[in-house]
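1. 3D, please:
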Amino acid sequence: MFKKKLYNYVFPLLLGALMFASNFMNTELFNFGDNNFAVWFVLSVLCFAVGWYINKSIGWKIGGKIVFSIIIAATFVSILIITFFREYFSANELVTENIILYSLRNITLGAMALFGMAVAEVIMLERNLLVFQEKQRIYEETLLEAKKEAELTVKEAKIDAKRIINDAEITAKDITLKKNRIEDELKDFIQAEKELIKKYENV
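-> Prediction:
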């Protein structure tokens with residue numbers, strides 16, 4: 001766990017080293033000749049890649065704060081070095097010009113790292129969005145299927161209810177018919193008994 005955390009902070013240190021190392025390169029680095037452009041392009045790509053890995057390992061919020069802090073620290077250190085070792089950093093130019101030039105280098109390289117972080121974050125968010133959209137599509141399909149199943153269940157319940165009602169009506173009719181028949185039979189039986197009693201009395 002400790003090694004993983006330590007590994008995560010290797011990239012910010014590397015970014016700081018790249019920004020600091022740019023101070024010791026040719027002062028004409030912004031004059032875009034063939035060689036100067038190649039050196040600046042390689043430095044920019046390296047800072048972009050480091051920013052990418054910072055976003056992957058540390059995250060956008062903490063990583064962004066760290067990169068911003070590195071930009072400020074590297075610029076401050078560059079200003080101190082240029083001020084105290086002005087002979088090395090182009091004695092023919094003014095100290096103010098050198099400070100602006102080297103500060104601009106550090107800020108530009110830091111911006112490339114932030115750009116790498118931003119691109120990595122956008123790609124990650126796009127992937128998350130695709131996953132979310134796929135989950136939403138599956139959810140909507142499941143919801144649609146559940147709705148269809150619910151409608152089918154309701155229809156089946158209505159059919160069963162109608163069948164039960166019909167069976168109940170048929171049973172009620174059968175019971176009514178049996179009751180009427182029994183009543184008629186009882187009436188006939190009572191009538192026959194009365195007639196039999198009358199005959200018996202007459203005899």
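
2. got any ranges where this structure has weak pLDDT?
-> Scanning the chain for pLDDT under 70 picks out 1-8, 26-37, 86-95, 201-203.

3. centroid-nearest residue for it?
-> residue 128 (4.2 Å; CA atoms, centre = their mean).

4. separation between it and residue 105?
-> The spacing between residue 128 and residue 105, counted by CB to CB, to the nearest Å, is 35 Å. Just so you know, the C-beta spots here come from the backbone N, C-alpha and C atoms, and that holds for glycine as well.

5. residue 40 too?
-> Taking CB to CB, one finds residue 40 at 9 Å from residue 105.

6. of the two, who's got more company?
-> Each of residue 40 and residue 105 has its neighbours counted (other CB atoms under 10 Å); residue 105 has more, 22 against 19.

7. residues contacting the residue nearest to that one when sequence neighbours are not counted?
-> Among residues not flanking residue 105 along the chain, residue 22 sits closest, at 5.0 Å (CB to CB, 6 or more residues apart in numbering). Contacts for residue 22 (CB atoms under 8 Å, 6 or more residues apart in numbering) come out as 29, 43, 102, 105-106, 109.

8. name the helices or strands packed onto the helix ranked longest in the chain?
-> Ordering each helix of the chain by length in residues (DSSP state H) puts helix 95-202 first. If you count contacts as 3 or more CB pairs under 8 Å, 6 or more residues apart in numbering; DSSP states H and E, helix 95-202 packs onto helix 10-21, helix 34-57, helix 60-84.

9. got CSV for the ones you listed, with distance to residue 137 too?
-> Compiled in CSV, those are given as follows (distance: least, CB to CB, whole Å):
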stretch, distance to residue 137
helix 10-21, 36
helix 34-57, 28
helix 60-84, 27
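
10. for burial, what's the neighbour tally of residue 41?
-> Neighbours of residue 41 (other CB under 10 Å): 11.

11. if you could redo that for residue 102, that was the one I meant.
-> Neighbours around residue 102, by other CB under 10 Å: 24.

12. what of residue 182?
-> As a measure of burial, residue 182 has 10 neighbours, counting by other CB under 10 Å.

13. go on, residue 166?
-> Neighbour number of residue 166 under other CB under 10 Å is 10.

14. distance check, it against residue 159.
-> Taken as CB to CB, the span from residue 166 to residue 159 is 11 Å.

15. show me what contacts the residue lying closest to residue 81 once chain neighbours are set aside?
-> In space, residue 81 comes closest to residue 23 once its chain neighbours are excluded; the distance is 6.3 Å by CB to CB, 6+ apart. By CB under 8 Å, 6+ apart, the contact list for residue 23 reads 78, 81-82, 89, 102, 105-106.

16. residue 23 and residue 181, how far apart?
-> Residue 23 sits 116 Å away from residue 181, taking CB to CB as the criterion.
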